[in-house]
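Colleague: compute the structure for the input listed below.
(chains A and B)
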There are 2 protein chains.
Amino acid sequence: MSQTTQTTLDVTAYCDGLADRALAASRSLNRLDGRARNAMLQAIADGLDAASAELIAANAKDLAAAEANGLTPAMIDRLRLDDKGVAKIANAVRQVAAQTDPVGQVLEGYVRPNGLRIERRRVPIGVVLIIYESRPNVTADAAALCLKSGNATVLRGGKESLHSNTAIASVIRRAIESVGADPNIVQLVETTDRAAVGALLKQVGKIDLAIPRGGESLIRAVVEQAHIPVIKHYTGNCHVYVDAGAAQLPAGMVREVCVNAKTQRTGVCNAAETMLFHVDAAPLLVEACRALAAEGVELRCCERSAELLATHVGDGQRKAATEDDWHAEYLDMICAIKVVDSLDDAVAHINRYGSQHTDAILSADVLAVDRFVNEVDTADVMVNCSTRFSDGGEYGLGAEIGISTDKLHARGPMGAADLTTYKWVVRGDGQCR
Amino acid sequence: MSQTTQTTLDVTAYCDGLADRALAASRSLNRLDGRARNAMLQAIADGLDAASAELIAANAKDLAAAEANGLTPAMIDRLRLDDKGVAKIANAVRQVAAQTDPVGQVLEGYVRPNGLRIERRRVPIGVVLIIYESRPNVTADAAALCLKSGNATVLRGGKESLHSNTAIASVIRRAIESVGADPNIVQLVETTDRAAVGALLKQVGKIDLAIPRGGESLIRAVVEQAHIPVIKHYTGNCHVYVDAGAAQLPAGMVREVCVNAKTQRTGVCNAAETMLFHVDAAPLLVEACRALAAEGVELRCCERSAELLATHVGDGQRKAATEDDWHAEYLDMICAIKVVDSLDDAVAHINRYGSQHTDAILSADVLAVDRFVNEVDTADVMVNCSTRFSDGGEYGLGAEIGISTDKLHARGPMGAADLTTYKWVVRGDGQCR
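Modeller: The predicted model follows:
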């Protein structure tokens, strides 16, 4: 089922129409409760399973185009949908349905001296625009999280996955309609015209929030064009700081956490990129860096760390760090290593070069830990554990819509509850001021 | 004490310097706890009291200029500071000091199956820019609320109150310094050059949030120029909907609440501007509108309400409503009156014309109330009480920094806690993924 039958599109008019329909659909959601939203999610999951062949056929068109256009094997791999992939997407929707309903949750409630009963209650934001690159699963994941939290969604996927996205969105819309709800609760932008993004980002009063999911250049382009609020998920230049007080931690803990933070998965935003060692933790620096090198990590060392490692790590795996290394999000088997003279210096380094994503301290010194937790300006502070835990699933939020590196509204991993706002409800029996 | 000794200003360089100092001051606040912030607030209050004569003298210069420039009596009145006014400002700062510290509050905390202890903790936003019109008390109020919540502040007041603001800011900075803290925790923009606002609104990474306080044109200008997040406080086109179920409310309640919502104070954003009456509540429409007219309110009536009121309200106080009346924020003794056929029509009217500020329902029908609460897209829903209660003080938030008509981050009255964000703190004993 296509949303429109237009063949030549006036992009502005098309986007105005999308936004109008989304606003009306969002209002219709406010008349339904969580049972109705879960029925839609269940129907979507069942619909995806039943349409597996249809989805794989649509995906095949994207794969053929991707190969013809010379996309990298990694990109093609992310694009590919098979039976298992479809089942996984459907099950993710079922898991979202099973989550606690965030809508209607009372965040606080109290009675004023004049008898007014005041309640702050979670409500949907309204209409959420998701702009994403070419992973077809995002189409279903984002729609499901938005629907769970009572929002209408406008989805704008990458052009490389347009056939897959269109097929998935069509299944979702049929499923929503099958339970008697407005299919415009989920709409996919069906034109690949770039002007559509700009037009959607200007729908003040109709679209309430944009969430770009993708690389830094995509996010910057969205921010520049937007007249509506944007929640950003920039880079993860994550740090591990090994404090003087780490010497009192159980043997091996620093080495294990450092190796895990760097190597367990390198291409993700919560992998560590720089490790800072207090000058009094030199033996731990040597132990951790030997282990990193043994795993195949290339070390970009400050002068002092290079000296400490001279006899422990071969020249091939040890380079002199430059200013660029402190800024780098390698997403690779490379790690910057620096000796610092104090906790203050570690905090200053992280606040200067970090991306306010995730930063860890390893220490047995409770006062040092408290200071680090307070003074590092970051979304996620890890104490004596790997940076890799900074993740919606690991935090128990269920599926995540992204990891916000912003400070306003939501910070760090964002689940369904972060797609809500609140309203104040004040009940009285005739009070006047 | 002046912040700078420059006489000719390079605005961009000046604003860069302000933002750099504010960022450094905000970092210094993260090393202090609530005791230190309260000591600053106490010193500020005492300093304001002690400097009363100095402040009144500075204010006299603004008043003289205002008279010379032909400002309206109302504007001059808002600008004026006397002994009582200074004492009131100082006491407001003491009240902020006495509030519960929002910083460090644990919003949620739980333990994951792998033993990680996860905590979501309130932390200051960082640096907050307040842009306001010519009320000198805002200089102290805004600085105090930001300081209470651990933020550094950059204050940009109206040019009409520059002498008053400069004197107040100077007292504040001396007080902060007197307790050994960084005076740049509070900075006033000392140039009236309009380019400074634009330059400050582009300090991404240094200034975290802008809050404009003033008329709609000020707010729109800020939004247009800003590259940093803005929390907006637009107009209050507030509604009272008298439901069919209002007939079962105690006698007189509807009349009293309607009169209070419209007339208790007309020039404020939470005063009612339009009243909607269910067609079955015609007797209440007549009773309420007679009372409004008796108070001197001019009624702008739809056709049906005009007919109902023909024999009750004189022609002089009854005009035909036009489309403009449904949009109007009168801030005056004028009220739009409309008959609606259903709760659905009332909700649709409010969602179309309202400003998402404050909207009330008067009804004894619990199902109608629930539907109204869910379906009206507004920050504050009042049930059987006056719209005038939509206020930080009335909600028990203490002083308020504004009333947000945005949906993201903060909605409705904003107190000190709304000037915080949160960070995730994850504590483990060596967990790896």
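Colleague: quick one, strands of the stretch 301-433 of chain A?
Modeller: Using DSSP state E, counting those that start in this stretch, the strands of the stretch 301-433 of chain A run over A:318-320, A:334-340, A:358-362, A:380-385, A:402-404, A:412-414, A:420-431.
Colleague: which residue is the nearest non-sequential neighbour of the residue of the stretch 101-250 of chain A found nearest chain B?
Modeller: Nearest residue of the stretch 101-250 of chain A to chain B (Cβ to the nearest Cβ) works out as A:P229 at 4.9 Å. The way it works is simple: take the backbone N, C-alpha and C, and place the C-beta from them, glycine included. Nearest in space to A:P229, with sequence neighbours left out and distances taken as Cβ to Cβ, 6 or more residues apart in numbering or on different chains, is B:L408 at 4.9 Å.
Colleague: tell me the pLDDT at that neighbour?
Modeller: Model confidence at B:L408, given as pLDDT, is 96.
Colleague: doesn't A:G126 make contact with it?
Modeller: No. Assessed by Cβ atoms under 8 Å, B:L408 is found out of contact with A:G126, at 10.5 Å.
Colleague: ok, these two, which is more surrounded?
Modeller: Counted by other Cβ atoms under 10 Å in any protein chain shown, B:L408 and A:G126 do not tie: A:G126 has more neighbours, with 23 against 20.
Colleague: how about the contacts made by that one?
Modeller: By Cβ atoms under 8 Å, 6 or more residues apart in numbering or on different chains, the residues touching A:G126 are A:23, A:26, A:151-152, A:207-209, B:377, B:407.
Colleague: now the helices for the stretch 1-150 of chain A?
Modeller: Assigned helices in the stretch 1-150 of chain A, in chain order: A:11-29, A:34-50, A:52-68, A:73-79, A:83-98, A:137-148 (criterion: DSSP state H, counting those that start in this stretch).
Colleague: name the stretch among these that sits most buried.
Modeller: helix A:137-148 (a mean of 26; mean count of other Cβ atoms under 10 Å in any protein chain shown).
Colleague: close to chain B, is that one?
Modeller: No. Helix A:137-148 stays clear of chain B (Cβ under 8 Å from any Cβ of the partner chain), getting no nearer than 14.3 Å.
Colleague: what about A:L419, distance to chain B?
Modeller: 11 Å (Cβ to the nearest Cβ, to the nearest Å).
Colleague: quick check: closest non-adjacent residue to that residue.
Modeller: A:S149 (3.9 Å).
Colleague: A:A417 is in contact with the one you found, correct?
Modeller: Yes. When contacts are counted by Cβ under 8 Å, A:S149 is listed as touching A:A417 (7.1 Å).
Colleague: what touches both of these two?
Modeller: Counting by Cβ under 8 Å, 6+ apart, the contacts common to A:S149 and A:A417 are A:P102.
Colleague: between these two, which is the more surrounded one?
Modeller: Higher neighbour count among A:S149 and A:A417: A:S149, with 27 against 19, using other Cβ under 10 Å.
Colleague: can you pull the pLDDT of that one?
Modeller: A:S149 carries a pLDDT value of 98.
Colleague: contact partners for it?
Modeller: Here A:S149 is in contact with A:102-103, A:124-125, A:416-417, A:419-420 (Cβ under 8 Å, 6+ apart).
Colleague: how far away is it from A:G396?
Modeller: 17 Å (Cβ to Cβ, to the nearest Å).
Colleague: quick check: the residue of the stretch 151-300 of chain A nearest chain B.
Modeller: Distance from chain B to each residue of the stretch 151-300 of chain A (Cβ to the nearest Cβ) is smallest for A:N260, at 3.6 Å.
Colleague: one more: the stretch 1-150 of chain A?
Modeller: A:N30 (4.9 Å).
Colleague: what is the burial count for the spatially closest residue to that residue that is not a sequence neighbour?
Modeller: Leaving aside its chain neighbours, A:N30 sits nearest to B:E375 (4.9 Å; criterion: Cβ to Cβ, 6+ apart). For B:E375, the neighbour count with other Cβ under 10 Å is 20.
Colleague: same thing with the one 3 residues further on?
Modeller: Around B:T378 there are 27 other residues, counting by other Cβ under 10 Å.
Colleague: now it: closest residue in space that isn't a chain neighbour?
Modeller: The spatially closest residue to B:T378, leaving aside those adjacent along the chain, is B:D359, at 4.6 Å (Cβ to Cβ, 6+ apart).
Colleague: bridged to the one you found, which residues?
Modeller: B:H239, B:V381 (DSSP bridges).
Colleague: which ones are touching it?
Modeller: Per Cβ under 8 Å, 6+ apart, neighbours of B:D359: B:238-241, B:350, B:376, B:378, B:380-382, B:387.
Colleague: give me that answer again for 7 Å
Modeller: Listed by Cβ atoms under 7 Å, 6 or more residues apart in numbering or on different chains, the contact set of B:D359 reads B:238-239, B:350, B:376, B:378, B:381.
Colleague: A:N30 versus that one, what's the distance?
Modeller: Taken as Cβ to Cβ, the span from B:D359 to A:N30 is 14 Å.
Colleague: swap in A:G236?
Modeller: From A:G236 to A:N30 the distance is 36 Å (Cβ to Cβ).
Colleague: comparing these two, which residue is more hemmed in?
Modeller: Taking neighbours as other Cβ under 10 Å, A:G236 and A:N30 compare with A:G236 leading, 25 against 19.
Colleague: so that one sits right up against A:N270, yeah?
Modeller: Yes. The criterion here is Cβ atoms under 7 Å, and A:G236 meets it with A:N270 at 5.7 Å.
Colleague: shared neighbours of those two, anything?
Modeller: With Cβ under 7 Å, 6+ apart, A:G236 and A:N270 have common neighbours A:357-358.
Colleague: what's the burial count for the closest residue to the residue of the stretch 151-300 of chain A closest to chain B other than its chain neighbours?
Modeller: Once flanking residues are discounted, A:N260 sits nearest to B:C432: 3.6 Å by Cβ to Cβ, 6+ apart. B:C432: 17 surrounding residues under other Cβ under 10 Å.
Colleague: need the contact list for B:C432.
Modeller: A:256-257, A:260, A:386.
Colleague: for B:N114, see how far away it is.
Modeller: 10 Å.
Colleague: what about A:E323, how many neighbours?
Modeller: A:E323, neighbours per other Cβ under 10 Å, totals 8.
Colleague: what's near enough to touch it?
Modeller: Per Cβ under 7 Å, 6+ apart, neighbours of A:E323: none.
Colleague: excluding chain neighbours, what is closest to A:S52?
Modeller: Per Cβ to Cβ, 6+ apart, closest to A:S52 is A:V86, 4.5 Å.
Colleague: OK, contacts around that neighbour?
Modeller: Contacts of A:V86 by Cβ under 7 Å, 6+ apart are A:48, A:52, A:55-56.
Colleague: identify the residues contacting the nearest residue to A:R37 once chain neighbours are set aside.
Modeller: In space, A:R37 comes closest to A:L147 once its chain neighbours are excluded; the distance is 5.8 Å by Cβ to Cβ, 6+ apart. Under the criterion of Cβ under 7 Å, 6+ apart, the neighbours of A:L147 are A:37, A:40-41, A:185-186.
Colleague: among these, which pair sits farthest apart?
Modeller: A:R37 and A:V186 (11.9 Å; Cβ to Cβ).
Colleague: thinking again about what came up before, now, which of the contacts of A:L147 sits nearest B:S134?
Modeller: The closest of the contacts of A:L147 to B:S134 turns out to be A:I185 (Cβ to Cβ; 46.6 Å).
Colleague: OK, contacts around the spatially closest residue to the closest one that is not a sequence neighbour?
Modeller: Nearest residue to A:I185 in three dimensions, chain neighbours excluded: A:A25, at 4.6 Å (Cβ to Cβ, 6+ apart). The contact partners of A:A25, by Cβ under 7 Å, 6+ apart, come to A:152, A:182, A:184-185.
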